[in-house]
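# structure of the sequence below:
(2 chains)
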Amino acid sequence: MVWIVQGLGVAVLVAVAPFMWGIAQLVKARRQGRRGPAPWQLYWVIRKHWHKETTVPERSSWVFRLAPSVSMAALLIVVITIPIAGRVPPDWPHNMLTLFFLLALERFWSGLAGLDTGGTFGGLGASRVTTLGTGIEPALFAALGIVWQVSGNGAMAPLAAHLSTAPANLLPWLMASASVALVLLAEWGRLPVDNPDTHLELTMMHEATLLEYDGRFLALSEWAMALKFTALATFGWVVLGPHLPSLWANLGLRIIEIAATAGVLGWVESGLTKLRYFQLPAYLAVAAGLGMLGFYLAAGGLSL
Amino acid sequence: MTEGLFILGCIAVVGYRWPRWSLVLNLLLSLGILAYGGYGLWHGMSTIGSGALALSPLRAWFLLVLGLVASLSSWYRWGYHDDQASLRFWLPLFLLSMMTVILANNLWTFMTAWESMTISSFFLVTTHHERPDVLKSGYIYLVMSQVSAMAILAGMLVMGTHLHSVDFSVWAERGPDLSQGTKTLIFGLVGLGFGIKSGVVPFHVWLPRAHPVAPAPVSSLMSGAMIKLGIFGMLQFLLFDLGTTARWWPLLVLAVGALSSLLGVLYALMEHDLKRLLAYHSIENIGIILFGVGVMGVGIDWHHPAWVAVGLVASLFHTLNHAIFKSQLFLAAGAVEQHTGTLDVDHLGGLLRTIPGIALGFIAGSLAISGLPPFNGFVSEWLTFRGLLGLAHSTGLLGLYGLGLMMVLGLTGALAGLCFVKASGVVFLGEPRQAVSRQPLPASLTGSVLALAAISLLLGVFPQPLLHLLNGIDPAYHVNPAGMLLPARVPLIAGFLVVAVAVFAGLSRVWAVRPVARWSCGRDVDPSMQFTSASFTKAIRTTFAVIYRPHRQVQRFGSGAPDFPTRLLYRGGTVPVWEQYVYGPMYGLLWRASRLSTRIQRGPVRLYLAYLLGTVGLMLALLH
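Next comes the predicted model:
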């Protein structure tokens, strides 16, 4: 049973990823007073790219060509390792530390691919994406501090059961959730950290590494970008969110939660402006500080 | 077996005049050390000969590390352009003394081997003494090594006096019974000595000077094996022999690990010289190994066997892994130098097209050193995180300390990733930045680098068999590492990853692509448009300005100078903080002290005889 639910969950998450991305874009457009694209627009865009010829910058190498596949593969494994319905089959890999390494792999390879284009934009994107990564990784460790404190083995399991027993845990839980939300915003590449809709060289981060891609490579990259949003939103809800007793109900709840996250994201994003690149360390430091504070409260104050 | 290895080594030393024979003997010696290490891991404890040497699982593990690096670098030397007679003479001696350091079972054997290791490596570092600054680097290395040796000797003499023995097996037996005060003294002295030798911050200044100036096989041996002997010493003498110590020692080890890993990678980011960059990364990785050592120490002092096990296995496994991928990277850097004649990354670019094998090896090494799956660095960094997570799980300040260390390790990992995106991207990808020569490379260079890459991939996918060998490495704690990696499911993750990448690559038809001109806003493409190593790390330089203290200076020339200059002169750089604020003043102080001491040195022999007499008298008065 658990096998079927987990397998189905992975398939559903991968399939609906572009739709979830579309919801965020639609809500964003509506709030800005535009009619906006249909939520399934990204599927059509991906289909269009899929049937076009693929070109690569001259003299680029296999590193550039493999990057979309590496992104997609790393994110697929991230999805596989998340206990989507709250439980995983026995002997299933579901460790949070592994997730960090997979995200780092994706970032590493897109950085290499950016430099492989031999142009300015690729290098620019590579530099910015990897630099942002150096802030995201420690901040995510801090944001998940309460999880290390409570569970102690890094297994990706629902935390709600541990937390509901003591009301004193509510404040640390709130802090951790806020911190995780701030860090994930940066990891998704959404405002106020990065703007997926921009093509201005002053502001591009992730887009700059994709600039030279087209055809099937671009299709894969866009799907991977949407999948990153869906996967990490699922991760956050699984670890910190509420759970229902039934597996199937949990699976349904996840889908609703992700759609709601996308909607809120689109709504909030329209009210934000992009932060200056050099202010991002402060943004991530705030996120990390919140996480550490939550951890400290959960760890029971001063005593050695 | 050991006698055979010693005789083989001595023949290799004497045979330095015959290049090919000396290489073959060197290779045989290295393979012998490797085999002996494997035999030791299989067989467990044994004393060799009269008891001056002994084998234990821990020693066998370090023999394995040494043998592996030495074998591959011997193979590499077959086609290396810089294989001089002095190198052929000193290298077998270096190997023999490192082997003896590991096997030594009493104080005198150990110190003799330790000093002979230092001296032989000094001559290896100064192979190119005719080049500027090489001798100076060599002397800095020698002085630091001597300070380290004196600290170790002092600490060991304290231990020997209190235990009334210089035999290491006696130390292992009775060491835990020493009083806390004695243990603290020993920990301070011996820890300082081994810390200097393994290049931890703030004693790291010799490392980025000495490692890069040596020929590539020597750099790989020094970074891969020699600095690990400091870790070996800490494990054997401080953690195994002493047992529980004052609680702040392991916490200090963790702090030093954090400082070394973070500062090591931050300094590496600002380097333009490929080998210096790699040398700084050795400091970083020693810091990561110290995380494991520290977790083990905390486990011993807090009586927490699970922490001991995970800390020990993480540090040992990272020791082996770092030896593999660091020698891989150093050997690849040596190949780049042989190919192009330069190591300045800002002059290079696009080397993947001319030396694809080396590029593949370097990129694989970059993935491994950044701790990314499916390579071996992933496994040991995962284990290190697992150890720190144990600390973060405890309550109060210790928990917060654990979380802070996890954040430092996360930051270090991300910065290392950034640094190796930069290094492999700027050197091997994109377009050449300047015209450099392109010498063809012999097959042995590419072969040895790729062999190391294959080993690191193999250990990254199937770490379990090696972990089984670590069973019973510490008799006191019955470490059982076999189940430690179960939650990571490394083979499964790595297998999934490889299959998924292959499937997506097939789906996206990576072979059916058409090369077109790249987009550069409608202008002609120029290689100087690419990001360089300095521009790639600009944001890091600004963010960590407290540490780097960057400075820049712009001068404008021409008739309309300030507003319409015809020529600009731009200078920029960072401040070498340790050299300028710590070692510089210290050196000045020493110099002044030595000037002061000249006042009592007037020259006449009678005066010196009087000093001697006075000293003897003083000692007699003090001791009786």
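
# ok, now which ones touch the residue of the stretch 51-200 of chain B found nearest chain A?
Nearest residue of the stretch 51-200 of chain B to chain A: residue B:180, at 18.0 Å (Cβ to the nearest Cβ). Using the backbone N, CA and C atoms, a C-beta is placed for each residue, glycine as well. By Cβ atoms under 8 Å, 6 or more residues apart in numbering or on different chains, residue B:180 lies in contact with B:245, B:246.

# if we go to 6 Å?
Contacts for residue B:180 (Cβ atoms under 6 Å, 6 or more residues apart in numbering or on different chains) come out as none.

# which SS state does residue B:79 fall under?
Taking DSSP: H, G, I helix; E, B strand; the rest coil as the rule, one finds residue B:79 in the coil state.

# need the nearest residue in space to residue A:250, chain neighbours excluded.
The shortest distance from residue A:250 to any non-neighbouring residue, by Cβ to Cβ, 6 or more residues apart in numbering or on different chains, is to residue A:85 (4.1 Å).

# pLDDT at that neighbour, what is it?
We have a pLDDT of 87 for residue A:85.

# could you do the one 10 residues further on as well?
Residue A:95 carries a pLDDT value of 85.

# so what's residue B:314 up against?
B:292, B:383, B:384, B:387.

# now the helix or strand where the second one lies: average pLDDT?
Taking DSSP states H and E as the criterion, residue B:383 maps to helix B:376-392. The average pLDDT within helix B:376-392 is 91.

# indicate whether it makes contact with chain A.
Yes: counting by Cβ under 6 Å from any Cβ of the partner chain, contacts between helix B:376-392 and chain A involve B:378, B:382, B:385, B:389, B:392.

# tell me which residues in stretch B:513-522 are buried?
B:513, B:518, B:519 (16 or more other Cβ atoms under 10 Å in any protein chain shown).

# just list the residues touching the residue nearest to residue A:250, thanks.
Residues counted as contacts of residue A:85 (Cβ under 6 Å, 6+ apart) are A:5, A:9, A:247, A:250, A:251.

# so the first one lies in a helix, does it not?
Yes: when the secondary structure is assigned by three-state DSSP, residue A:5 falls within a helix.

# ok, residue B:269 to chain A distance?
From residue B:269 across to chain A, the span is 10 Å (Cβ to the nearest Cβ, to the nearest Å).

# that residue reaches residue B:420, doesn't it?
No: Residue B:269 is beyond contact range of residue B:420, at 10.2 Å (criterion: Cβ atoms under 6 Å).

# which one of those two has more residues nearby?
In terms of neighbours (other Cβ atoms under 10 Å in any protein chain shown), residue B:420 is the more surrounded of residue B:269 and residue B:420; the figures are 29 against 24.

# shaky segments in the chain?
Chain wasn't specified; assuming chain A. For chain A, the stretches with pLDDT under 70 are A:160-168, A:300-304.

# let's do chain B instead
If you take pLDDT under 70 as the line, chain B has these spans: B:475-479, B:481-482.

# that one: strands as residue ranges?
B:46-48, B:53-55, B:514-516, B:551-557, B:567-573 (DSSP state E).

# the third one near chain A anywhere?
This means strand B:514-516. Yes: for strand B:514-516 and chain A, the contact criterion (Cβ under 6 Å from any Cβ) is met by B:514, B:515, B:516.

# who are the contact partners of the last one?
Spelled out, that is residue B:516. Taking Cβ under 6 Å, 6+ apart, one finds residue A:55 in contact with residue B:516.

# if I look at the residue nearest to residue B:176 when sequence neighbours are not counted, how far off is residue B:186?
Closest residue to residue B:176 apart from its sequence neighbours, by Cβ to Cβ, 6+ apart: residue B:243 at 3.4 Å. Counting by Cβ to Cβ, to the nearest Å, the separation of residue B:243 from residue B:186 is 12 Å.

# where along chain A do the helices fall?
Using DSSP state H, the helices found in chain A span residues A:2-31, A:41-50, A:62-81, A:96-116, A:120-143, A:145-151, A:160-163, A:170-188, A:206-210, A:215-240, A:247-270, A:280-298.
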